[in-house]
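> Got a predicted structure here, sequence first:
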Amino acid sequence: MVDTVLKKMLIDKDVENAKAYTRNKIAELLQNKIDLSLLVQTKSLGKLDYDTKLPHVELAKKLRKRDPGTAPNVGDRISYVVVQGSKGQAQYERAEDPLFVLENNLPIDTQHYLETLKGPLMRIFEGVMTDPESLFSGMHTLKKTLTVSSQGALSKFIKKGVQCVGCRVTIGEGALCKHCQTKEGEIAAAKAAEVQALEREHNALWTECQRCQGSLLQDVICINRDCPIFYRRAKVKKEVGALQETLQRLHLTNDW
């Protein structure tokens, strides 16, 4: 993000575009719309690291408890993102495997990433803005998306309410509220179009991975977690599955 802002300012000579881009990316981060691969950090696990409290070291310990057979060893690179935790919990304790985050809907610590970006961006904009702090406040920061995790002590006791597919208001049963039932065909068509768009995106990512492997006829077996496509592919596949469940509620079928 910082590189793009610098390009817009120094090469394109467009400060207003750089400011608009920054506000848009901050809004995407707060609304959980930003590509997870852009938040991933990667560190190599050293022999002496185990004596220190570092995010990638603590994550390595978690992964070893989950599955000793696939846990990282000394010399391996460990990718992680920082997720939300309990009040006062140290950052190194909140490092998590990006794929585990996607699969379990763990909420990203957006405040951590905002603070990480704030320093460099403030230094960039303070020479061209009288109030660069305004980039981090205002209307674009008011809308926030709360992610409901499938992990945690309370998740098994919480019963998720049924939401209307159209307006997302809580309903007792079915797929649509009374207001949206009059627009069932329109809503179903819109959801089907969303699935098709995501399927096209997944197919494009899959084909790119096949090209990288050197064959368009073989399944993708790449597990390179340093590649941003790895996480984008996983996220899109999960989103398609969720939308297909929504379509099934509307008595539609759409094979994956």
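Alright, I've got the coordinates.
> For the closest residue to residue 209 other than its chain neighbours, which residues are in contact?
Of all residues not flanking residue 209 in the chain, residue 220 sits nearest, at 4.4 Å (CB to CB, 6 or more residues apart in numbering). Just so you know, the C-beta spots here come from the backbone N, C-alpha and C atoms, and that holds for glycine as well. Contact analysis of residue 220 by CB atoms under 8 Å, 6 or more residues apart in numbering lists 206, 209-210, 213, 233.
> and the residues you listed, which are buried?
Buried by 16 or more other CB atoms under 10 Å: 206, 209-210, 233, out of the contacts of residue 220.
> From residue 204, how far off is the residue nearest to residue 209?
13 Å (CB to CB, to the nearest Å).
> can you check residue 18 too?
29 Å.
> again with residue 216
From residue 216 to residue 204 the distance is 13 Å (CB to CB).
> between those two, who's got more neighbours?
Per other CB atoms under 10 Å, whichever of residue 216 and residue 204 has more neighbours is residue 204, with 13 against 9.
> How confident was the prediction at that one?
Note on residue 204: pLDDT of 92.
> where's it, which helix or strand?
Here residue 204 sits within helix 184-213, counting by DSSP states H and E.
> Show the pLDDT at the residue located most distally from the centre of the chain.
Relative to the mean C-alpha coordinate of the chain, counting by CA atoms, centre = their mean, the farthest residue is residue 182 (33.7 Å). For residue 182, the model assigns a pLDDT of 88.
> ok, now which ones touch it?
No residues are in contact with residue 182 under the rule CB under 8 Å, 6+ apart.
> In space, what's closest to residue 136 - neighbours in sequence excluded?
Per CB to CB, 6+ apart, closest to residue 136 is residue 118, 6.1 Å.
> Also residue 237?
residue 202 (6.0 Å).
> Contacts only, for that neighbour.
233, 236-237, 240.
> repeat that for 10 Å
232-237, 239-240, 256 (CB atoms under 10 Å, 6 or more residues apart in numbering).
> can you list those in CSV and add pLDDT, distance to residue 125 and secondary structure?
Listed next are the contacts of residue 202 as CSV, based on pLDDT from 0 to 100; distance: CB to CB, whole Å; DSSP: H, G, I helix; E, B strand; the rest coil:
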residue, pLDDT, distance to residue 125, secondary structure
232, 89, 29, helix
233, 88, 34, helix
234, 87, 34, helix
235, 88, 30, helix
236, 90, 33, helix
237, 88, 37, helix
239, 88, 33, helix
240, 89, 38, helix
256, 40, 44, coil
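> Can you tell me which of those is nearest residue 143?
Using CB to CB, residue 239 is the member of the contacts of residue 202 that lies nearest residue 143, at 19.5 Å.
> for that closest one, what are its contacts?
So residue 239 contacts 102, 194-195, 198, 201-202 (CB under 10 Å, 6+ apart).
> now residue 217: how far from residue 236?
22 Å.
> what's the answer for residue 216, then?
Taken as CB to CB, the span from residue 216 to residue 236 is 19 Å.
> And residue 124, by the same measure?
Taking CB to CB, one finds residue 124 at 32 Å from residue 236.
> related to what we said a few turns ago, for the buried ones among the contacts of residue 202, write the corresponding ChimeraX selection.
The ChimeraX command for the buried members of those (criterion: 16+ other CB under 10 Å) is given here:
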select :232,233,234,235,236,237,239,240
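> Now render the contacts of residue 202 as TSV, adding distance to residue 73.
Listed next are the contacts of residue 202 as TSV, based on distance: CB to CB, whole Å:
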residue	distance to residue 73
232	27
233	25
234	23
235	27
236	30
237	28
239	33
240	34
256	35
